[in-house]
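Q: Predicted model follows, preceded by the sequence.
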Amino acid sequence: MIFGNKIELLHEMAEKKLVSSLAINIAEFLCGLEKNLSGEEKTTLAAVSALLYEWISSGSICLTKDDIKTFIETNGEALSGIGFPNWEKIGSILSKSSCCTSDPEKEQRPVVLEGERIYFYKYWLYETSLAEKVLKLSRLPGKYLERALPIKNAFIKLFKDPQSIEQKNAADKVIENRFSVITGGPGTGKTTTVAKIIAGILSVFPEERIVLAAPTGKAAARMTEALREAIKRMEGQGLAEAPEIFEKMNSLEGKTIHKLLNWMFGRPEKNREDPIYADLIIIDEASMVDITMFSSLLDAISDNTSLVLLGDKDQLASVDAGNVLCDICNAAEAGLFERQIEAKLTKSHRFEEHPSIGRLADAVNGQKDAKEIIRICTEEPDLDFMSKTTAEIVGKAAENYGFLSDKTLKPAEILDKLNNFKILCPSKEDSFGVAKLNEAIERALGRNGSDDFYNGRPIMITKNDYSNNLMNGDCGVILGNRAYFKTDSGVKSFPVSVLPPLETVYAMTIHKSQGSEYDSVLVVMPENNMPMLTKELLYTAITRAKERVAITAQESVLEYTLKRSAARNSGFVNALKKLKKSDEK
């Protein structure tokens, strides 16, 4: 089975496209370190290591016994003749491998076998450390408890609407706990709740240092914008006698978590020795925070800082490994925290005027079958299910983007209209992906795609530019020799010569759209099944719309998407149970 340094089983898996070249490199490196296993046994170590790498690349923290079983069942035809090992054989071989340990607390080895889960040591350590930090933080009473009564009296004024009882309960938890999680779908009032929490705290502690952050520049900007909107709605709701509170709230600006941590050269400068200077830290779009980033964040929080996470656990998780928000919510629902740290907002106001979008989102989240989704789309007035042809998609786009040729419109009007409609795709590169659709739309509109700065080109920044305060995900438009972007304080413009890397954005990926809102969206699914397709991806795309949703997909691809969940493997809940059990001894 071993030919020089080539491992036959591993390379047969690569030929069948079951693992990537990077996974092969990791597996071969580990086999080069191995001291105890025979040549044939090394093939199992190699195959499992490569598969574990693929699982981490897709967002999971570990590889489980069930994953192995599902992998063998799902890829039966591709694996025929390869002889992929079952879990029992894997466990037996890993238990005697010099590269593997089942007691990672006592010995550090590259691979960890813990019960029915396999980790790379680094991710086992991240998870265990994170569980320790979260458990410790969750046990701490709120720093505002000594003045809870006047703050809660302010909340009574701010949350006087009887329908805001869930929001008030969430606000109370922030006062009662050092660590709080507020979850809810689109339109449930997470930002409104946070705005009132901030107002209530500032009414009693006017000098509090409050920090707002999010995983991406775009999400941070949207957080700032949403907070401004919430403040406008709040004025006159019980704190009008204290205009300085609203003035301070209006001065708050969201920033990226990277910037909050002073992330430099692949590592954060903020840590336990040099913590973040803040009394209250609020993290929005927490579902997008990976395990590495969240662990670094907790390391940089001082003992006098309160932390609040906001997010929708049903949306897409982080690009990198981990699903921290969902893990914490699952642990809370399992009763693993001594204090009630999670507050759920369930009443959505986003779709009150267009309830059919909410109905569709619920059906997707509930994993109804494709026929049911198509039926809902065809019978509801604000929904549509289109046949899948490039001509129809491009025609729809040309119809909605025709205003870009109107020279009488001002930059602010054009930027507003760009939020009226957006095409959302799962992928960049397939035949119905962002790249090909953007090219086709440019041709239909008579644009010169080879000209990076043609007049009326809608653009999206793809790399943070802190000198100009342009963030990855910011969208704007080229007009003449300048690029225009909308901010909460108005329209800003830059010469095209100073712009950071950017791309055309008639169509954009669903991942990039997370945190944004559009009046109408057209969701274009790929021609064939792809591993990235999950019900969370489709749910995220649908909930970007405020008024209208159209979906174009083959029924088989839609069915495939609805059946699959982006749930990621982790042992976080188990790690918490072990820690609690250890504490009880």
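A: Perfect, thanks for sending it.
Q: Relative to residue 98, how far out is residue 173?
A: For residue 173, the distance to residue 98 equals 48 Å [CB to CB, to the nearest Å]. In this view, the C-beta of every residue, glycine as well, is placed from N, C-alpha and C.
Q: So between the two, which is more surrounded?
A: Legend: neighbour count by other CB atoms under 10 Å for residue 173 and residue 98, higher for residue 173 (21 against 14).
Q: list the buried ones in the helix or strand harbouring that one?
A: Using DSSP states H and E, residue 173 maps to helix 165-176. Buried residues in helix 165-176, counted by 16 or more other CB atoms under 10 Å: 166, 167, 168, 169, 170, 171, 172, 173, 174, 175, 176.
Q: confidence score at the closest residue to residue 542 other than its chain neighbours?
A: Spatial nearest neighbour of residue 542, excluding adjacent residues (CB to CB, 6 or more residues apart in numbering): residue 361 at 5.0 Å. Model confidence at residue 361, given as pLDDT, is 90.
Q: go on, the one 10 residues further on?
A: Among the per-residue scores, residue 371 holds a pLDDT of 92.
Q: OK, contacts around the closest residue to it other than its chain neighbours?
A: Spatial nearest neighbour of residue 371, excluding adjacent residues (CB to CB, 6+ apart): residue 555 at 7.4 Å. Contacts for residue 555 (CB atoms under 8 Å, 6 or more residues apart in numbering) come out as 370, 371, 374.
Q: Need the pLDDT of residue 555.
A: What the model reports for residue 555 is a pLDDT of 90.
Q: Okay, strands next: where are they in the stretch 401-550 of the chain?
A: 421-425, 458-461, 475-479, 482-487, 490-495, 502-504, 507-509, 518-524, 545-552 (DSSP state E, counting those that start in this stretch).
Q: Nearest to residue 210, out of those strands?
A: Between residue 210 and these, the shortest separation by CB to CB is 20.5 Å, and it involves strand 482-487.
Q: For the closest one, give me every contacting residue.
A: By CB under 8 Å, 6+ apart, strand 482-487 touches 221, 225, 411-412, 414-416, 459, 470, 474-477, 491-496, 499.
Q: same question, stretch 16-35
A: By CB under 8 Å, 6+ apart, the residues outside stretch 16-35 that reach it are 5, 7, 10-11, 13-14, 42, 45-47, 49-51, 53-54, 57, 75, 78-79, 82, 97-99, 110-111.
Q: Okay, the residue nearest the centre of the chain and residue 572: tell me how far apart.
A: Closest to where the C-alpha atoms of the chain average out (CA atoms, centre = their mean) is residue 288, at 2.5 Å. Distance, residue 288 to residue 572, using CB to CB: 17 Å.
Q: again with residue 476
A: When residue 476 is compared with residue 572 (using CB to CB), they lie 39 Å apart.
Q: Who has more neighbours out of these two?
A: Using other CB under 10 Å as the criterion, residue 476 and residue 572 rank with residue 476 on top: 27 against 24.
Q: In JSON lines, list the buried residues of helix 165-176 along with distance to residue 23 and pLDDT.
A: Shown next, in JSON lines, are those (distance: CB to CB, whole Å; pLDDT from 0 to 100):
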{"residue": "166", "distance to residue 23": "45", "pLDDT": "91"}
{"residue": "167", "distance to residue 23": "46", "pLDDT": "92"}
{"residue": "168", "distance to residue 23": "49", "pLDDT": "92"}
{"residue": "169", "distance to residue 23": "46", "pLDDT": "92"}
{"residue": "170", "distance to residue 23": "42", "pLDDT": "93"}
{"residue": "171", "distance to residue 23": "46", "pLDDT": "93"}
{"residue": "172", "distance to residue 23": "48", "pLDDT": "93"}
{"residue": "173", "distance to residue 23": "42", "pLDDT": "93"}
{"residue": "174", "distance to residue 23": "43", "pLDDT": "93"}
{"residue": "175", "distance to residue 23": "48", "pLDDT": "93"}
{"residue": "176", "distance to residue 23": "46", "pLDDT": "93"}
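Q: Around residue 469, count how many other residues there are.
A: Based on other CB under 10 Å, the number of other residues close to residue 469 is 14.
Q: got it, and the one 5 residues further on?
A: Residue 474 is flanked by 24 other residues according to other CB under 10 Å.
Q: need the contact list for the nearest residue to it once chain neighbours are set aside.
A: Leaving aside its sequence neighbours, residue 474 sits nearest to residue 461 (CB to CB, 6+ apart; 4.5 Å). Residue 461 is in contact with 217, 470, 471, 472, 473, 474, 475, 476, 499, 500, 501, 502, counting by CB under 8 Å, 6+ apart.
Q: ChimeraX command to pick out the buried ones of those?
A: In ChimeraX, a selection of the buried entries from the contacts of residue 461 looks like this (16+ other CB under 10 Å):
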select :217,470,471,472,473,474,475,476,499,500,502
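Q: burial measure for residue 364, as a count.
A: Around residue 364 there are 26 residues (other CB under 10 Å).
Q: Let me know whether it touches residue 541 as I believe.
A: No: here residue 364 does not reach residue 541: they are 9.1 Å apart, not a contact under CB atoms under 8 Å.
Q: Output the below-cut-off pLDDT ranges for the stretch 51-200 of the chain.
A: 78, 80-82 (pLDDT under 70).
Q: Please enumerate the helices of it.
A: Shown for the stretch 51-200 of the chain, the helices assigned by DSSP state H, counting those that start in this stretch span residues 65-74, 76-79, 87-94, 121-138, 148-158, 165-176, 190-204.
Q: Format those helices as CSV; extra columns: distance to residue 351.
A: Below are the helices of the stretch 51-200 of the chain laid out as CSV (distance: least, CB to CB, whole Å):
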stretch, distance to residue 351
helix 65-74, 35
helix 76-79, 42
helix 87-94, 44
helix 121-138, 33
helix 148-158, 24
helix 165-176, 17
helix 190-204, 15
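Q: so is the closest residue to residue 573 other than its chain neighbours in a helix, a strand, or just coil?
A: Spatial nearest neighbour of residue 573, chain neighbours left out: residue 331 (5.3 Å); criterion: CB to CB, 6+ apart. Recorded secondary structure, residue 331: helix (DSSP: H, G, I helix; E, B strand; the rest coil).
Q: and residue 356, how many neighbours?
A: Using other CB under 10 Å, the number of residues around residue 356 comes to 17.
Q: Spatially nearest residue to it, not counting backbone neighbours?
A: residue 380 (3.5 Å).
Q: which ones are touching the one you found?
A: By CB under 8 Å, 6+ apart, the contact set of residue 380 is 356, 359, 360.
Q: and which of these is nearest residue 450?
A: Distance to residue 450, by CB to CB, is smallest for residue 360 among these, at 38.8 Å.
Q: that older thread, against residue 291, how distant is the residue nearest to residue 474?
A: 27 Å.
Q: thought residue 326 was touching residue 287?
A: Yes: if you go by CB under 8 Å, residue 326 and residue 287 touch, sitting 7.1 Å apart.
Q: hmm, back to that, what about the residue nearest to residue 371, distance to residue 531?
A: 19 Å.
Q: same thing with residue 186?
A: 26 Å.
Q: The two: who's more crowded?
A: Legend: neighbour count by other CB under 10 Å for residue 186 and residue 531, higher for residue 186 (23 against 8).
Q: What backbone torsions are found at the more buried one?
A: phi -60, psi 140 (degrees, to the nearest 10).
Q: how close does the closest residue to residue 333 other than its chain neighbours sit to residue 574?
A: Nearest residue to residue 333, sequence neighbours excluded (CB to CB, 6+ apart): residue 342, at 7.5 Å. Using CB to CB, residue 342 is found at 19 Å from residue 574.
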